[in-house]
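> Predicted coordinates and the sequence they were generated for:
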Amino acid sequence: MSRSLKQVAVLLVALLCLDLHSRVGSAPICAHGPSGCHVPSLADLFDRVIQHSARMHSLSNDLHSEFEQYFLPSKNHIGKIYRKCHTSSILTPNGKENAQKLAREELTEVILKLLMAWRDPLFQLHQSMAHQQDFNSFSSNKALEMGDMAHELRKGVEKVAERMRVLGMLGNSVTGLSVAEAMLPISDSGEAMSNYELLYCFRRDSNKVQNYLKILKCRIVPEHDC
Amino acid sequence: MRNSGVVLILTFIAKLISQAAGVSAPDKPRLTSCRSPEKETFTCWWEPGDDGGLPTTYALYYRLENSETVYECPDYRTAGENSCFFNKNDTSLWINYNITVVATNALGKNISDPVEVDVAYIVQPNTPENVTAVVVDDQGPFVRVSWEKPRTADTRSGWITLLYQLRVKQEKDKEWEEYDAGMQKYYNVFSLHPDKEFMVQVRCKPDHGFWSEWTQPTYVKMPDYIPRERSLWIIITIFSIFIILILTWTLNVKRNSVKLCLLPPVPGPKIKGFDKQLLKSGKSEEVFSSLVIQGFPPTIGYDDLLVEYLEVYDNEEQELVLDSKDLSEVCMKSKSLSDCDSGRGSCDSRTLLLEKCMEGREGSGSDQHQYSQHGETSCTSTESSECQGLEPGSPESSDGRVKTWPVVFSSPQPHHHYQVEAVKPVYHSVPEILNRSSPHAMPTNYHQLHHQDIPQQEGRFSKPACRHSQSYNQFNLDGLDTPAPGVSPSRSLEYVEVQRVNPENMLLLRPLSDPNREPEGSDYAGEDYSKVKEVTSNNILLLQRDTYHQCVDDYSQDLDSQAGQCTTQQPPHPCKPVIYQSNSGMPQEGMRVMGNGYVDSTVLMPSY
């Protein structure tokens, strides 16, 4: 009896530790000050983020192509009416002028919204792909990687936003996205979207994110590659 | 009912008529492609089908995603025939366009298949502009190709990101050489052949989209850089010359070893002392003279080489040893004085013999020594005989002077281990008998020489020789008077002088240092040897002395070939020839008179 109690106690402690660890935010590496670390500039941060988004988009593109190739050989999809992507409610500029008209803060917010909206659907996507036997492990790994990338990209953009805020480039009109709008990928009809639809939508949204980030970068730090 | 039937019939008739006339409704057009050059506008092209012989109009309709509103193409003209141009206002990104084309003519219309278009993915930029290729001679001539972005693409705002690519080839080449330039707008092309003309083309692509068309070729001519090649050849030549010089020097330094390696010397016959030139000249005597080894075969030590060292102990010697215990011991003691020859050396020494005799008298009862060498033994026996002989002659012996007749058989090469036939001495030291007594005033010591049968010499050992000598030396000391005082005991060499020969064939000896003697020159004492003046026809040696002496008639009896050794000398005066008689027939020719007057009886010795 005492032994089982002991085991339970150990388990509880372990769980607490894990839970605590999950709640604790990561401490900055350069705790000792800026002299000990190389603090990347805003341009570097932007470059990193843009590269990340490019990788994410290419992954989504590959997955989408695989889907189209293997699972939708017929062209009957033309007649299909795509359900709306769950992110369609987010107002996004669909043109260059529209995008340039947006302020930095709004643009940043849009990006963050989009990335946030895809956190859970991507996880679901990976889950469903892993469970189904139709996919090989390679595809499901790609989906998993894609989800992780989206997560990291969001974090990165948040850092960029933070840096911009620090530098005074961003006004205070940016609403804190602490309250994540976890949107469920439920279409108007209430049905869950299929994997293909998810992939289709995510491919587009990742393109948007990449484009918006580039615009943002060239607007804020125009000396690099703009 | 009737109307429909009529209509049908009319339609059918119309069709028949139209078919007969060759006109029909248009075929389905086909949308070939839709492209956006800058992601802000796009254009769609279609391919008209058969128009059916009648003028046909085409209309493009599109519908936006998730909208049922059908719009018609706003601009049919900008993009040319059978195209539809969508301007910025009509273009929306990230939205699916459902586009169809409808062909209409008098007889009917036809709708093409719909096409889904998302503008963001149909971007195909225009070609790059202002492609320039310049030869730069900075670090080796290369071509720097530079261009500009297509005018329409807005990369400045980051709306579009373009990647460039260029390709180069010569006019005659088939294959292009492609290079990726990334996002930069210039590129350095290396490894182009000199003095050739190249064409360069550039194209670009957005990060997600289609490649643009290639630009028009830009020609560039590479200069001729022979000077550089020439300098390279010069450097190569100098380097090779340098290497050759080093090799030559190395070979020169090691020329001997190289020669040895390449041309190994052929060994030729080599005979020491052989002169090939003489041989060629034909004088054989001189040639072979050098081959003749002087002194070969060895005449002296010949027997030495033949003889093995043997240690022989026999009872006779032991007896002899026993007889002369004292002397043997003495002999051994004094052995150290001699060199490595067998006891003979010590025994040969006259002084030693004299000393031994003295010591032997003094130290009596000494232990018997064994003799490893015959010489000693024999000498011991000799000594014993002599000393014993002397013993009774106490007066003489009391003064310590030993009047003996040492027989010297010395081999020219004293060897320990060779039992040389010592019977062949190089020289004979004629034993001198100390003549103690003057014939007149001094008592005379008579040494009788007995002729004894000399045993046949075995030749191999010196023992018999000594025995032989022993035989000679057995003489009786009779009436040895006390020698005159003053005669110092002989230390080294004490010679006796034959005073005269009495009628009984006895040699009357007296010591050389006899004061009764007439004073003679100092050289007298130095002259130990007699010189043979001449040999008479009767086999008589005529000895000669330089200084005047008393003429003493001496003679000794020779037994045979050893006569020379045991002869006493004494030509006292040149006027008186000393007559030696030899019993045995001695061939005169056997004796060889040496130039200096000494008798060399080497030849007389029988060969063993």
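Structure's in. What do you need? Since this is a predicted model, take the numbers as computed values, not measurements.

> Average the pLDDT values over the longest helix seen in chain A and round to the nearest integer.
Using DSSP state H, we find that the single longest helix of chain A is helix A:137-167. In this model, helix A:137-167 has an average pLDDT of 88.

> What residues does chain A have near chain B?
Contacts of chain A with chain B, taken as CB under 8 Å from any CB of the partner chain, map to A:54, A:57, A:61, A:78, A:81-82, A:84, A:88, A:92, A:94-97, A:99-100, A:204, A:207-208, A:211, A:214-219, A:222, A:225-226. Placement of C-beta: from N, CA and C, glycine included.

> Can you tell me which of the residues you listed end up in helices?
Reading helices off those with DSSP H, I get A:54, A:57, A:61, A:96-97, A:99-100, A:204, A:207-208, A:211, A:214-219.

> Quick check: closest non-adjacent residue to the closest residue to chain A within chain B.
Chain B approaches chain A most closely through B:Gly158 (3.3 Å), counting by CB to the nearest CB. Leaving aside its chain neighbours, B:Gly158 sits nearest to A:Cys218 (3.3 Å; criterion: CB to CB, 6 or more residues apart in numbering or on different chains).

> And B:Pro114, by the same measure?
Leaving aside its chain neighbours, B:Pro114 sits nearest to B:Thr100 (4.7 Å; criterion: CB to CB, 6+ apart).

> Helix or strand next in line after the helix or strand that contains that neighbour, which one?
Assessed by DSSP states H and E, B:Thr100 sits inside strand B:96-105. Counting by DSSP H and E, the element after strand B:96-105 in chain order, helix or strand, is strand B:109-111.

> So which residues make contact with that following strand?
With contacts defined as CB atoms under 8 Å, 6 or more residues apart in numbering or on different chains, strand B:109-111 is touched by B:25-29, B:49, B:100-104.

> Any buried residues in it, and which?
For strand B:109-111, the buried set under the neighbour-count rule, 16 or more other CB atoms under 10 Å in any protein chain shown, comprises B:109-110.

> Adjacent strands (with direction) for it?
Applying DSSP bridges, strand B:109-111 is found paired with strand B:96-105 (antiparallel).

> The strand it pairs with - what's its average pLDDT?
Mean predicted confidence for strand B:96-105 is 90.

> export that strand as PDB, just CAs?
Taking C-alpha atoms only, strand B:96-105 is exported to PDB below (Å, rounded to 0.1, in the frame of the first residue of the first chain):
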ATOM      1  CA  ASN B  96     -10.500  31.200 -57.400                       C
ATOM      2  CA  TYR B  97     -11.700  32.400 -60.700                       C
ATOM      3  CA  ASN B  98     -14.100  30.100 -62.600                       C
ATOM      4  CA  ILE B  99     -13.600  31.100 -66.200                       C
ATOM      5  CA  THR B 100     -15.400  29.900 -69.300                       C
ATOM      6  CA  VAL B 101     -15.500  30.900 -72.800                       C
ATOM      7  CA  VAL B 102     -18.500  30.800 -75.000                       C
ATOM      8  CA  ALA B 103     -18.400  30.700 -78.700                       C
ATOM      9  CA  THR B 104     -21.400  31.900 -80.400                       C
ATOM     10  CA  ASN B 105     -22.400  32.100 -84.000                       C
END
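
> Just the residues contacting that strand, thanks.
Residues from elsewhere that reach strand B:96-105 (CB under 8 Å, 6+ apart): A:82, B:25-31, B:34, B:44, B:46, B:48-49, B:51-52, B:54-65, B:84, B:109-119.

> my read: A:Ile50 touches A:Tyr212, true?
No: using CB atoms under 8 Å, A:Ile50 and A:Tyr212 do not qualify as a contacting pair, with a distance of 10.2 Å.

> re earlier: the residue nearest to B:Pro114 - how many residues pack around it?
Residues lying near B:Thr100 (other CB atoms under 10 Å in any protein chain shown) number 18.

> Name the residues of stretch B:154-166 that come out as buried.
Going by neighbour count (16+ other CB under 10 Å), the buried part of stretch B:154-166 is B:154-155, B:158-166.

> same thing with stretch A:126-146?
Going by 16+ other CB under 10 Å, stretch A:126-146 has these buried residues: A:126, A:128-129, A:135, A:139-140, A:142-144, A:146.

> Out of the residues you listed, which comes closest to A:Asp44?
Closest approach to A:Asp44 among the buried residues of stretch A:126-146 (CB to CB): A:Met146, at 24.1 Å.

> how about the strands of the stretch 151-300 of chain B, start to end?
Using DSSP state E, counting those that start in this stretch, the strands of the stretch 151-300 of chain B run over B:162-170, B:177-182, B:186-189, B:197-206, B:218-221.

> Among those strands, show me which one is buried the most.
Mean neighbour count (mean count of other CB atoms under 10 Å in any protein chain shown) peaks for strand B:197-206 among those, with a mean of 22.

> what secondary structure does B:Cys34 sit in?
Using DSSP: H, G, I helix; E, B strand; the rest coil, the structure places B:Cys34 in strand.

> how deep is it tucked in, by neighbour count?
For B:Cys34, the number of neighbouring residues by other CB under 10 Å comes to 23.

> Chain neighbours aside, what residue packs nearest to it?
Leaving aside its sequence neighbours, B:Cys34 sits nearest to B:Cys44 (CB to CB, 6+ apart; 4.0 Å).

> What of B:Leu54?
Distances taken as CB to CB, 6+ apart place B:Asn105 nearest to B:Leu54, at 4.1 Å, with adjacent residues excluded.

> how much space between that neighbour and B:Pro150?
Separation of B:Asn105 from B:Pro150 (CB to CB, to the nearest Å): 39 Å.

> So B:Tyr186 is in contact with B:Glu148, correct?
No: using CB under 8 Å, B:Tyr186 is not in contact with B:Glu148; the gap is 10.1 Å.

> what's the first-to-last distance across stretch B:27-41?
One end of stretch B:27-41 sits 29 Å from the other (CA to CA, to the nearest Å).

> Where does the prediction get shaky in the chain?
With no chain named, the answer covers chain A. Counting by pLDDT under 70, chain A contains low-confidence ranges at A:1, A:16-37, A:71-83, A:133-136, A:172-192, A:224.

> ah, I was thinking of chain B
Of all residues in chain B, those with pLDDT under 70 make up the ranges B:18, B:225-229, B:273-276, B:278-279, B:282-503, B:505, B:507-530, B:545-608.

> domain ranges for it?
For chain B, the TED database gives the domain ranges B:20-118, B:129-230.

> Out of those domains, which is the most enclosed?
Highest mean neighbour count of these: domain B:20-118, a mean of 18 (counted as mean count of other CB under 10 Å).
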